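Got a predicted structure plus its sequence, pasted below:
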Amino acid sequence: MSADLRIQTVVSAPFEENSYVVGGAETNEVVVIDPGFEPELILDYLEDQGLTLVAILNTHGHADHIAGNTALKNAFPHVPVMIGRGDASMLTDPHLNLSAAFGIDLTSPPADRLLSEGEQLHVAGLTFAVLEIPGHSPGHIVFVRTGRPSVVFGGDVLFRGSIGRTDFPGGSFQLLARGIRSKLWPMAPDTIVYPGHGPATTIGNERQTNPFVAGGSG
């Protein structure tokens with residue numbers, strides 16, 4: 001891992017969803033990527049470490065990845081919520097974000113900024129490139145921090161030995177596989193992928209061994 005990067009993984013029940021607190025090592029500013037159903041764990045960590053939240057980044061709009069948005073926004077009212085343009089409506093619609101199916105009717109504050117392919121985010125002392133990789137959700141994005149090694153915060157696109165589900169509304173295996181092969185496989189083999197569930201992996205490992213999308217580069 002790059003010495004100038006701070007990453008803390010916070011795992012939230014009940015879906016074992018990975019939220020990430022990310023920032024440059026030389027600043028106390030951080031972003032939170034995909035705050036889940038236990039935002040108090042994130043807030044406790046921020047307080048314990050003396051960190052200041054400057055942005056909430058959502059890879060996609062499913063409930064387990066946006067459940068903590070409201071609590072973080074309440075604690076840091078001026079912090080923007082950012083999500084891919086194609087998933088923005090999921091933030092405020094319990095049916096679209098799938099929480100209604102579990103009897104929860106969860107909503108998030110609306111997005112303050114909508115993100116699209118090719119944008120560059122300059123936050124918390126870091127720069128992230130935005131890539132659109134739909135298929136798990138219609139507007140799923142990933143955040144790529146270039147460096148040595150590069151780091152991908154991939155939400156529910158690519159897991160160790162698996163990929164995101166494509167049987168939800170708006171899902172498409174063809175789109176997801178195409179996006180992985182065309183946008184992730186060309187990255188350096190040592191690029192680290194921090195997924196929305198489960199352990200981290202690398203592009204090289206998944207390109208060689210992932211049973212769903214191994215091989216190919218386009």
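Cool, the structure landed.

Point out where this protein drops to low pLDDT.
1-3, 216-218 (pLDDT under 70).

ranges for the strands of it?
5-12, 17-24, 29-33, 52-58, 81-84, 113-115, 120-123, 126-132, 141-145, 151-155, 158-159, 162-163, 192-195, 201-202 (DSSP state E).

can you count the residues close to the nearest residue to residue 130 once chain neighbours are set aside?
The shortest distance from residue 130 to any non-neighbouring residue, by CB to CB, 6 or more residues apart in numbering, is to residue 119 (4.4 Å). For the C-beta atoms, the positions are set from N, CA and C on the backbone; glycine is no exception. As a burial measure, residue 119 scores 16 neighbours (other CB atoms under 10 Å).

Then residue 13?
Residue 13, neighbours per other CB under 10 Å, totals 11.

That one touches residue 19, doesn't it?
No: using CB atoms under 8 Å, residue 13 is not in contact with residue 19; the gap is 11.7 Å.

pretty sure residue 206 is touching residue 200, no?
No: counting by CB under 8 Å, residue 200 is not a contact partner of residue 206; they are 11.0 Å apart.

Other residues contacting the longest helix along the chain?
In the chain, with assignment by DSSP state H, the single longest helix is helix 39-49. Outside of helix 39-49, the residues within contact range by CB atoms under 8 Å, 6 or more residues apart in numbering are 8, 10, 12, 19, 21, 28, 30, 32, 35, 51-53, 67-68, 71-72, 75.

excluding its backbone neighbours, what's nearest residue 192?
residue 151 (5.0 Å).

Quick check: the residue nearest to residue 130 vs residue 36, distance?
Separation of residue 119 from residue 36 (CB to CB, to the nearest Å): 24 Å.

what does residue 177 give?
Relative to residue 36, and taking CB to CB, residue 177 is found at 26 Å.

Which of those two has more residues huddled nearby?
residue 36 (26 against 17).

Give the bridge partners for the closest residue to the more buried one other than its chain neighbours, please.
Nearest residue to residue 36, sequence neighbours excluded (CB to CB, 6+ apart): residue 12, at 3.1 Å. Residue 12 has these beta-bridge partners by DSSP bridges: residue 17.

Do I have it right that residue 12 meets residue 32?
No: Residue 12 is beyond contact range of residue 32, at 11.6 Å (criterion: CB under 8 Å).
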